[in-house]
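# Could you work out the structure for the sequence below:
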Amino acid sequence: AFRPTADPHALSFLDILLVTKGRGWYEIDGQRHAVRPGLLIVTLPGQVRRWDVAGLDGACVFFTREFLRDAFADARFLDQFAFFNAGRPSAVLTVSKTERAQFLRRFGRMREELRSIREDVSELLRARLYELLVLMN
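Sure thing, here's the model as predicted:
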């Protein structure tokens with residue numbers, strides 16, 4: 001299990017984390033949330049976050065806006081998804097066990113693509129990420 005730091009830090013990329021195990025708290029830009037299995041946490045670049053979680057496990061994907069912009073030729077591509085807007089109501093979403101399984105399948109497919117080291121891996125990862133974003137939306 002991963003033990004995140006309680007020290008404040010900011011990312012230069014987007015982070016989507018699905019918690020499958022662990023308890024504690026997660027704070028983003030001063031807003032604290034209880035961490036528990038079934039929580040989907042989205043951190044945007046520049047947001048300040050800190051953690052105190054015991055037994056954390058789950059699945060996550062990191063990516064930059066440019067990774068998607070290059071494929072969709074739209075600098076505002078992510079703006080169509082509620083979780084990636086600056087004015088979003090929350091950084092977290094609670095997902096059901098059925099939805100959790102759907103997310104984990106998509107994360108697993110992305111992991112398989114990374115392991116394959118094929119020439120078209122970037123395109124396949126973008127497609128898998130797009131599926132994930134639509135499911136989140």
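
# Low-confidence bits of the protein, can you list those?
1-5, 70-77, 80, 83, 85-86, 89 (pLDDT under 70).

# so what's F84 closest to, chain neighbours aside?
Nearest residue to F84, sequence neighbours excluded (Cβ to Cβ, 6 or more residues apart in numbering): L78, at 4.1 Å. From N, CA and C alone the C-beta is placed, and that goes for glycine too.

# what separates the one you found from G87, distance-wise?
According to Cβ to Cβ, to the nearest Å, L78 and G87 sit 13 Å apart.

# hang on, the earlier thing: for the residue nearest to F84, give its distance to G38.
Per Cβ to Cβ, L78 is found 24 Å from G38.

# swap in I16?
14 Å.

# Between those two, which has more neighbouring residues?
I16 (22 against 16; other Cβ atoms under 10 Å).

# Most remote residue from the middle of the chain, which is it?
Centroid-distance maximum for the chain: E119 at 24.6 Å, with Cα atoms, centre = their mean.

# All the strands of the protein, in order from the start?
In the chain, the segments counted as strands under DSSP state E are 9-10, 14-28, 31-35, 39-43, 48-63, 92-94.

# If we go by neighbour counts, what in the fifth one is buried?
Same thing as strand 48-63. Residues of strand 48-63 classed as buried by neighbour count (16 or more other Cβ atoms under 10 Å): 49-51, 53, 56, 58-59, 61, 63.

# wait, what's in contact with the residue nearest to F84?
14, 65, 68, 84, 133 (Cβ atoms under 8 Å, 6 or more residues apart in numbering).

# so of those residues, which ones are in helices?
The helices, defined by DSSP state H, take in 65, 68, 133 from these.

# closest to G22 among those residues?
Set against G22, the nearest of the ones in helices among the contacts of L78 by Cβ to Cβ is L133 (24.0 Å).
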